[in-house]
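In: Quick one, structure for this:
(2 chains)
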There are 2 protein chains.
Amino acid sequence: MFTVDLKNQLEQYSKEVSEHLVEFLPKANDGQAQVVKAMRYSLLNGGKRLRPVFVLEFCRMCGGDVQKAMAYACAIEYIHTYSLIHDDLPCMDDDDMRRGNPSCHKMYGEATALLAGDALLTHAFEICAGADFDDTKNATAVSLLAQNAGVGGMIGGQVIDLKYEACDPNISEILTVHKLKTGALISAACLLGCIAAGADEEKIALASKYAYLIGTAFQIKDDLLDIYGDEQKLGKHIGSDAENDKTTYVTLVGAEKAQKDVETLTASAVEILQNFDNNEFMVALSNYLTTREN
Amino acid sequence: MFTVDLKNQLEQYSKEVSEHLVEFLPKANDGQAQVVKAMRYSLLNGGKRLRPVFVLEFCRMCGGDVQKAMAYACAIEYIHTYSLIHDDLPCMDDDDMRRGNPSCHKMYGEATALLAGDALLTHAFEICAGADFDDTKNATAVSLLAQNAGVGGMIGGQVIDLKYEACDPNISEILTVHKLKTGALISAACLLGCIAAGADEEKIALASKYAYLIGTAFQIKDDLLDIYGDEQKLGKHIGSDAENDKTTYVTLVGAEKAQKDVETLTASAVEILQNFDNNEFMVALSNYLTTREN
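Out: Coordinates of the predicted model:
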């Protein structure tokens, strides 16, 4: 499934996105340099750039201008990055490592890491509101991003996740956490691509369905990798769910069914992509995600 | 200076703003209720509502619709409130009390307080982008808010402030911190009022000058209150700057000159207000701030 073309194209995307992420960093004089360094450090600390790629590819599949959509792609990666910095803080998951490197607060201290996260979130909206589209698209993009990053989306998922650490959630509750904590931002990415391209309601509804399916598959795969993954390839310690005695999709249904569900969900997601032109790359990417090792 | 009218009008504003702050809270089901409770707790924990009042009054002085501007007024108070929650966290100022009540993390725990701050910041932009103005005003408002809350504004001021804890800043460096840490959000408030009213460039430039002067006066007064204030009236422990051996404007120029500067800056700010119609309330409010006790 993982063709050379997919790999090259992903690498090319990743390189381009990284360059733009840096270009969008706020200017800083000496006094503020430290927080911008911390923002840059976390922005450039690897990652698959999956959310930016979803923005750019949905824009392309809907016939939009991919270069102009780069602002939305970067805005969502700023939000994803802020969420990782705050998640790693001692009062949250207390993770010292992120993708094989020290987490932001281990490099720059807790206060600077907290502020770097706040700044990434803040500037995500500035990037979005100032994108090279008309104000209606930009205002819609800001609202969509805020809704999916907020209490009805990513933050809501984190809050419920915190709550479930103290009790045993059932399958439906775990799927709700997945939908909010991971799915909401993936959904925002696909929809931002549609907005950038001025796609119609029908395409937006299809993108939303695709995002739900692929987001759920993605999170179940994450839970599987936390048990069966390779620490080297993942760049982080595995087994943290088991150590925390955490109930996950995999502990509830078993690894075999979980991997089968990843494949079924992905197949349904790929089915939806048949409604879009120029979908070859997204089909290949979606299938690759079921077999990914990091 | 502090006439009965000013007091009544401020109380009326404060009541109205508080009601709208609650109305703008995101809907939450059971799982997310805790973070919305924490947001609400901090939003309603007193405060002079100075920034919202600046938005509404500049809108009124420029002939705009004050009720419609309430969305921008609430958005900026959401940002102010998030900054206080994150400032109070153990990795920042580690303050247990805020306005006479336990700070957010003492009430709800650090993880929930962190997320409540993140959520307030996120939803501020949603409120702004969805205000009952045209998309151009809303996109401009989002950009302005993000710029003033970000690295070039409030967060930048906090970063420089952290740095100066380790060395002795001079007057000019302290004024830069004031301008960014406090002034930027006050400036955003005055300008959001102008944007809401569709004010011209000239009025916007005047509002910006006013904001700089009143913001600087406000922060020097804060430093004075930390030495000479009444803990009961302030609702917080005083003397923290001295305990931390912190260099402030007051330690550098002395209390007498500092109070005189507050009055001179305020007089210049009031002078600028003469360029606006219906300025009586803002003149009274500005003068009151020089003699405030909390």
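In: which parts of the longest helix anywhere in chain A are buried?
Out: For chain A, the helix with the greatest residue count under DSSP state H is helix A:201-228. For helix A:201-228, the neighbour count (16 or more other Cβ atoms under 10 Å in any protein chain shown) marks A:203, A:206-207, A:209-226 as buried. C-beta here means a position set from N, CA and C on the backbone, and glycine is covered the same way.
In: Also stretch A:239-250?
Out: A:241, A:246-250.
In: which outside residues touch it?
Out: Outside of stretch A:239-250, the residues within contact range by Cβ atoms under 8 Å, 6 or more residues apart in numbering or on different chains are A:164-165, A:168-169, A:171, A:174-175, A:178, A:219-220, A:223-224, A:226-227, A:251, A:258, A:261.
In: same question, stretch A:152-161
Out: Contacts of stretch A:152-161 (Cβ under 8 Å, 6+ apart): A:79, A:83, A:87, A:147-151, A:173, A:176-182, A:184-185, A:188, B:26-28, B:31-32, B:34-35, B:112, B:115, B:118-119, B:122.
In: Narrow the residues you listed to those in strands?
Out: Using DSSP state E, no member of those sits in strands.
In: Among those, name the buried ones.
Out: For the contacts of stretch A:152-161, buried by 16+ other Cβ under 10 Å: A:79, A:83, A:87, A:147-151, A:173, A:176-182, A:184-185, A:188, B:26, B:28, B:31-32, B:34-35, B:112, B:115, B:118-119, B:122.
In: out of those, which are inside helices?
Out: Reading helices off these with DSSP H, I get A:79, A:83, A:87, A:147-149, A:173, A:176-178, A:184-185, A:188, B:34-35, B:112, B:115, B:118-119, B:122.
In: what's the distance between the helix or strand following the longest helix of chain A and the middle of its chain?
Out: Per DSSP states H and E, helix A:201-228 leads on to helix A:231-234 as the next helix or strand towards the C-terminus. Centroid separation for helix A:231-234 versus its chain: 19 Å, with Cα atoms, centre = their mean, to the nearest Å.
In: Check which residues of helix A:231-234 are buried.
Out: Applying 16+ other Cβ under 10 Å to helix A:231-234 flags A:Leu234 as buried.
In: so where's the stretch 101-250 of chain A shaky on pLDDT?
Out: Residues of the stretch 101-250 of chain A meeting the criterion pLDDT under 70: none.
In: what residues does the stretch 151-294 of chain A put near chain B?
Out: For the stretch 151-294 of chain A, the residues in contact with chain B (Cβ under 8 Å from any Cβ of the partner chain) are A:151-152, A:155-156, A:158-160, A:162-163, A:176.
In: Please indicate which of those has the highest neighbour count?
Out: Using other Cβ atoms under 10 Å in any protein chain shown as the neighbour test, those are led by A:Val151, with 30 neighbours.
In: how about the nearest residue in space to that one that is not next to it in sequence, phi and psi?
Out: Spatial nearest neighbour of A:Val151, excluding adjacent residues (Cβ to Cβ, 6 or more residues apart in numbering or on different chains): B:Pro26 at 4.0 Å. Dihedral pair for B:Pro26: phi -70, psi 150, per degrees, to the nearest 10.
In: roughly how far apart are B:Pro26 and A:Val159?
Out: 11 Å (Cβ to Cβ, to the nearest Å).
In: what is in contact with those two at once?
Out: A:Val151.
In: ok so A:Ile195 is a helix residue?
Out: Yes - in this structure, A:Ile195 lies within a helix as judged by DSSP: H, G, I helix; E, B strand; the rest coil.
In: doesn't A:His86 make contact with A:Ala95?
Out: Quick fix: residue A:95 reads Asp, not Ala. No - the pair A:Asp95 / A:His86 is not scored as a contact, 11.2 Å apart, by Cβ atoms under 8 Å.
In: Neighbour count: these two, which is higher?
Out: A:His86 (27 against 18).
In: Determine the number of other residues adjacent to the closest residue in space to that one that isn't next to it in sequence.
Out: Take A:His86 and drop its neighbours on the chain: the residue closest to it by Cβ to Cβ, 6+ apart is A:Gly117, 4.5 Å away. A:Gly117 is flanked by 30 other residues according to other Cβ under 10 Å.
In: Could you tell me the phi and psi values at A:Glu165?
Out: Phi and psi for A:Glu165, reported as degrees, to the nearest 10, are phi -60, psi -30.
In: Next, find the distance separating the residue nearest to A:Val151 from B:Ala116.
Out: 11 Å.
In: Please report how far the spatially most central residue of chain A lies from chain B.
Out: The C-alpha lying nearest the average C-alpha coordinate of chain A belongs to A:Arg51 (Cα atoms, centre = their mean; 4.8 Å). Separation of A:Arg51 from chain B (Cβ to the nearest Cβ, to the nearest Å): 16 Å.
In: taking the mean pLDDT, what do you get for the helix or strand harbouring that residue?
Out: Using DSSP H and E, the element containing A:Arg51 is helix A:50-61. Averaged across helix A:50-61, the pLDDT comes to 98.
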